[in-house]
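Chemist: take a look and give me a structure for this.
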Amino acid sequence: MFDIHRVEVEWAGRPLTLETGKVARQADGAVLATYGETKVLATVVAAKAPKPGQDFFPLTVNYQEKAFAAGKIPGGFFKREGRPSEHETLTSRLIDRPIRPLFVDGFKCDTQVVITVLSHDMENAPDMLAMVAASAALTISGIPFMGPIGGARVGYINGEYVLNPLIDDMPESALDLVVAGTSEAVLMVESEAKELTEELMLGAVMFGFKGFQPVIDAIVKLAETAAREPRELNLPDHSELAARVKALAADELTAAYAIREKTERKNAIDAVKAKVMETLAAEAGDAGIDTVVVGGLFKEAEAAIVRGAILDNGQRIDGRDLKTVRPIVSEAGILPRAHGSALFTRGETQALVVATLGTNDDEQFVDALEGTYKSTFMLHYNFPPYSVGETGRMGSPGRREIGHGKLAWRAVHPLLPPHHEFPYTLRIVSEITESNGSSSMATVCGTSLALMDAGVPLKAPVAGIAMGLIKEGDRFAVLSDILGDEDHLGDMDFKVAGTAEGVTSLQMDIKIDGITEEIMKVALEQARDGRVHILGEMSSALSEARAELGEHAPRIEVMKIPVDKIREVIGSGGKVIREIVEKTGAKVNIEDDGTVKIASADGKAIKAAVNWINSIAAEPEVGVIYEGRVVKTVDFGAFVNFFGAKDGLVHISQLAPQKVAKTTDVVKEGDKVWVKLMGFDERGKVRLSMKVVDQETGKDIAADA
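Modeler: Numbering: from 1, shown residues only. So this is what the prediction gives:
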């Protein structure tokens, strides 16, 4: 019944198995991949013909994690998987990016790749296995895919690169890098690093590249026995029309691309395009023209002009040389009520970034296959259509917004102070108000400034820069701080973020069939120079965190109480802690180890809550001076409430330095007094003294003497 084909290879010390022919047999390609006890199913289906008038390749990658893979039932009212999580969206993008450039030019059939996590052993992360399975499914599908690709994760633990580290090993790693590519070149890199050098990052990329070669060999071996017959491609020949479009547009396009201002340049290009369309329509007469085809050929003419100018003369669209960064203006503290804010402008790209400090109540709960965990750092990136002078849909964030936000998150995350030292929940919102090239890197720069403006003690300021590539044959040019048009018409989007000391995040996407180690080395070195320049420009606004938190930010004080006192502080049914919160106005959070976090924008509220909790959980110390209140006077002395609910007796002989005939000659009920705890009598009763304390200042008289 089943025609099963199976390949097994050892990969990073564990068996990797690729199998096809048993599950999802009606898909064009389906592969069941197993690594350890983690198992994923990848399927691919492509429509038989493109939709009429379609001018792009409609590829969709859907990565989905099923709760049953980890023996769990989904949360929520409906108890079933809902919209994709942020992690699923990011993994879908991770797989999409290296496979997209490898489809044959001109193939425009609707194509969908679906990867489902069926089993998770909590040791081997399913995302790299999903990428491998998707590559295998495409390779055997008969769809015009010029793969296969491989992918791998690289860690850096104890000074050594580690291929596909186990999940439990990742907290010890100074690097989380994912690399994908073919047998010949690298196509995609995504990473988070703890200020590693460019040399270490390049070494990690090449280590991962070599590490996934056995996987590519295994996919090829599977395809040799299981691949379907390749689809016939009947792509039309538009060479004559392309030559005509180029002849009509070349001179005026060259003039249009000499205009340095984005909006004016765009209008001029649109006018040239309209003129070309009108001329070709007149020449075609009743036969008409295919505007989609002509539009694509016009874009090719644009690319030839821009790319030729860069390779031949080193001349870029806006007149810069290859390495110059556009003018930068950095501003901090521009929103009076925000905890921290910044406006970062680089050329025609601008990010308004706002930092908000919260408490434990604001932590984000993330429900993952590995278990639920809490996140104390959130970065939300928004790209409204007005930022590029257009109208468009406004709603929930799309895949691009989630991906750009996560890239900036990875760049900043390694520089945040440890949560136990700075116990705040941090939320960053980046509103892109203008865009013409790498708004994600502008977000990194703005986030650094906004956090420092809020008083968050970053280890160091962080900046980011986007690099581009123009490559024709053996000639290539690496561009610093690329424009939007250079991104669209170029061959690479290479984003590097970090401090003056090293790299914290690196992301690379290639639109051609891969790049060499030499090109990556040049791009990293050029990016380092650009990053250092941007950091210098940012320092005009802020070079380190402000000494104090923002005026409107909550203050958090951390204290520790004995574990056996937690129940008393909480009270029956939470009665005591609710009373503390209601009467002081401070938020109080108690953890199982006795750590208490008290938060409020009002310092007096925090102090009142601390004193209240101390009165319940702490014990008074002998020799310490306390401020108290007289609650009762008797013939032999006065009872003073001096430590929370605790009262103690000041004997009449301890009321004043001189002899006292009557208690009320010195104190009355309700008086505030200073007392020193002298010790405890044989029955454990508190012994207090007023005469050894200066009642005006609260200082120890004996100590002053």
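
Chemist: low-confidence ranges, the stretch 401-550 of the chain, go.
Modeler: Along the stretch 401-550 of the chain, segments meeting pLDDT under 70 span 514.

Chemist: in it, which spans are strands?
Modeler: Taking DSSP state E, counting those that start in this stretch to define them, one finds strands in the stretch 401-550 of the chain at 425-434, 463-472, 475-480, 492-498, 503-510.

Chemist: so which elements touch the last one?
Modeler: Of the remaining helices and strands, those touching strand 503-510 by 3 or more C-beta pairs under 8 Å, 6 or more residues apart in numbering; DSSP states H and E are strand 186-196, helix 198-211, helix 399-412, strand 492-498. To be clear about C-beta, it is placed using only N, CA and C from the backbone, and glycine gets the same treatment.

Chemist: so what strands line up beside the last one?
Modeler: Applying DSSP bridges to the sheet, strand 492-498 is found paired with strand 463-472 (antiparallel), strand 503-510 (antiparallel).

Chemist: what residues sit buried inside the first one?
Modeler: It refers to strand 463-472. With burial defined by 16 or more other C-beta atoms under 10 Å, the residues of strand 463-472 counted as buried are 463, 464, 465, 466, 467, 468, 469, 470, 471.

Chemist: contacts only, for the first one.
Modeler: Think residue 463. Residue 463 sits next to 441, 444, 445, 448, 497, 498, 499, 531, 534, 535, 538 when contact means C-beta atoms under 8 Å, 6 or more residues apart in numbering.

Chemist: can you name the residues bridging to it?
Modeler: On the basis of DSSP bridges, residue 463 is bridged to residue 498.

Chemist: so what's the nearest residue to residue 556 once chain neighbours are set aside up against?
Modeler: Leaving aside its chain neighbours, residue 556 sits nearest to residue 599 (4.5 Å; criterion: C-beta to C-beta, 6 or more residues apart in numbering). Shown in contact with residue 599 (C-beta under 8 Å, 6+ apart): 359, 360, 554, 555, 556, 557, 586, 587, 588, 589, 606.

Chemist: check residue 394 too.
Modeler: 384, 385.

Chemist: and it, what's its pLDDT?
Modeler: pLDDT recorded at residue 394 is 87.

Chemist: ditto for residue 77
Modeler: 80.

Chemist: check residue 658 too.
Modeler: In this model, residue 658 carries a pLDDT of 89.

Chemist: so it, which state does it fall into?
Modeler: Following DSSP: H, G, I helix; E, B strand; the rest coil, residue 658 is assigned to coil.

Chemist: that one: how many residues sit nearby?
Modeler: As a burial measure, residue 658 scores 7 neighbours (other C-beta atoms under 10 Å).

Chemist: can you list phi and psi of it for me?
Modeler: phi -90, psi 170 (degrees, to the nearest 10).

Chemist: with residue 364 instead?
Modeler: phi -90, psi 130.

Chemist: per-residue pLDDT of it, please?
Modeler: Looking at residue 364, its pLDDT reads 88.

Chemist: surely residue 627 is in a helix?
Modeler: No. Assessed with three-state DSSP, residue 627 is strand; it does not lie in a helix.

Chemist: for the spatially closest residue to it that is not a sequence neighbour, list the residues it contacts.
Modeler: Closest residue in space to residue 627, ignoring its immediate chain neighbours: residue 674 at 5.9 Å, by C-beta to C-beta, 6+ apart. Contacts for residue 674 (C-beta under 8 Å, 6+ apart) come out as 625, 626, 627, 628, 690, 693, 694, 695, 698.

Chemist: coming back round to it: okay if I get the strands of the stretch 401-550 of the chain as TSV plus distance to residue 377?
Modeler: Listed next are those as TSV, based on distance: least, C-beta to C-beta, whole Å:
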stretch	distance to residue 377
strand 425-434	5
strand 463-472	17
strand 475-480	29
strand 492-498	15
strand 503-510	14
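
Chemist: can you say which of those strands is nearest to residue 40?
Modeler: For the strands of the stretch 401-550 of the chain, the distance to residue 40 is smallest for strand 503-510, at 23.1 Å, taking C-beta to C-beta.

Chemist: give me the contacts around that closest one.
Modeler: With C-beta under 8 Å, 6+ apart as the criterion, strand 503-510 contacts 97-98, 101, 177, 185-198, 201, 407, 410-415, 444, 462, 464, 491-498, 520.

Chemist: contacts only, for the residue positioned nearest the centre of the chain.
Modeler: Nearest residue to the geometric centre of the chain (C-alpha atoms, centre = their mean): residue 409, 2.4 Å. Contacts for residue 409 were tallied using C-beta under 8 Å, 6+ apart; they are 377, 378, 379.

Chemist: at 10 Å what do you get?
Modeler: Neighbour list for residue 409: 192, 375, 377, 378, 379, 380, 381, 428, 443, 444, 447, 505 [criterion: C-beta atoms under 10 Å, 6 or more residues apart in numbering].

Chemist: and what of residue 444?
Modeler: Contacts of residue 444 by C-beta under 10 Å, 6+ apart are 344, 351, 353, 379, 407-412, 430, 438, 462-465, 495-498, 504-505, 531, 534.

Chemist: at 8 Å instead, please
Modeler: For residue 444, the contacting residues are 408, 411, 412, 462, 463, 464, 497, 505, by C-beta under 8 Å, 6+ apart.

Chemist: now do the strands in the stretch 551-700 of the chain.
Modeler: Applying DSSP E, counting those that start in this stretch to the stretch 551-700 of the chain gives strands spanning 555-560, 587-590, 595-600, 625-634, 637-643, 646-651, 672-680, 686-689.
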